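Chemist: Give the three-dimensional model of this entry:
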Amino acid sequence: MVETEIQGGVARVHLARTGKANALSSPFLAQLRETIEELRNVDGVRVVVLAGRGRTFCAGADVAELAALQASNAGAFVEAIHKVCAAIRSLEVPVLAKLHGAVIGAGLEIAAACDLRIAAEGTRFAMPEVKLGIPSVVEAALLPRLMGAGRAAWLVLTGEPIDARRAYEWQLVEELCPPEALDARTEALVQSLLAADAQALAAQKRLCQLWDEAPLAESVRHSIRLFAECYAGGRPNTLIQGLRR
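Modeler: Coordinates of the predicted model:
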């Protein structure tokens, strides 16, 4: 259900439950979480690309499993979604979501947990949980930070889909491109990330998350400490001197 390829500093993780539109079952979520967590121990990985095989990125939670949930195990199911998202956010390297087809419910929460999102024109985005008698939860809490409170509320309260153009205009995705250009544009973004200093990129990812969660004064204080730590090995001095030549 999860396919991983690692080459040239890039780990490409594909959701590959194509017969079910990459819908997320409990075993699928467990495998995805394990795959992402294992990347922490792989030397040389600088960037992770998360994509979907087949016609869609992810159709959300497996509806058969949703229909069978009870009050006793429903919390554990959505916690499994959260653990996948937390694993993505805790990676020290940037994670890029490559989106096409449909990005629905829990699939959108996983995309929101990534650091950057690029989508093909024609992709549909939706948080339809209210139409199923349940609220959108766990990493749906990231949506107001990405889109603003009103736009996030529109998604989770109406349950109506938006197209990729509106998702781009609403700042849910950072780049939009024709379907035939998705591979090339993804690779261009990957190369831009690879060109950055790995230590600085890891520090910047931590700061981006802190900016979302912490008061301004704490963010500034922490950023000063991280800036100073980057000079501990002298790498910025070498890189800056190289620019002056």
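
Chemist: any idea how far the spatially most central residue of the chain is from residue 68?
Modeler: The residue lying closest to the centre of the chain (C-alpha atoms, centre = their mean) is residue 114, at 1.8 Å. For residue 114, the distance to residue 68 (C-beta to C-beta, to the nearest Å) stands at 29 Å. (Glycine included, C-beta is placed from N, CA and C.)

Chemist: Start and end of stretch 97-107, how far apart?
Modeler: Its start and end residues considered, stretch 97-107 measures 11 Å (C-alpha to C-alpha, to the nearest Å).

Chemist: who touches it?
Modeler: 21-22, 24, 49-52, 54-61, 81, 110-111, 114, 116-120, 122-129, 136, 164, 173, 179, 182, 186 (C-beta atoms under 8 Å, 6 or more residues apart in numbering).

Chemist: Phi first, then psi, for the residue nearest to the centre of the chain.
Modeler: phi -70, psi 160 (degrees, to the nearest 10).

Chemist: which SS state does the residue nearest to it when sequence neighbours are not counted fall under?
Modeler: Residue nearest to residue 114 in three dimensions, not counting chain neighbours: residue 97, with 4.0 Å by C-beta to C-beta, 6 or more residues apart in numbering. Per DSSP: H, G, I helix; E, B strand; the rest coil, the secondary structure class of residue 97 is strand.

Chemist: tally of neighbours for residue 97?
Modeler: By the criterion of other C-beta atoms under 10 Å, residue 97 has 28 neighbours.

Chemist: State the distance from it to residue 14.
Modeler: 12 Å.

Chemist: With residue 194 instead?
Modeler: In terms of C-beta to C-beta, residue 194 sits 20 Å off from residue 14.

Chemist: Comparing those two, which residue is more hemmed in?
Modeler: residue 14 (20 against 15).

Chemist: Excluding sequence neighbours, find me the nearest residue to the more buried one.
Modeler: residue 3 (4.4 Å).

Chemist: Wait, a helix at the one you found?
Modeler: No - checked against three-state DSSP, residue 3 lies outside a helix; its state is strand.

Chemist: show me what contacts the residue nearest to the centre of the chain?
Modeler: So residue 114 contacts 50, 88, 95-97 (C-beta under 8 Å, 6+ apart).

Chemist: just residue 206 next, same as before
Modeler: Residue 206 neighbours (C-beta under 8 Å, 6+ apart): 92, 226.

Chemist: Look through this protein and tell me its longest helix.
Modeler: In terms of residue count, the longest helix belonging to the chain (DSSP state H) is helix 71-90.
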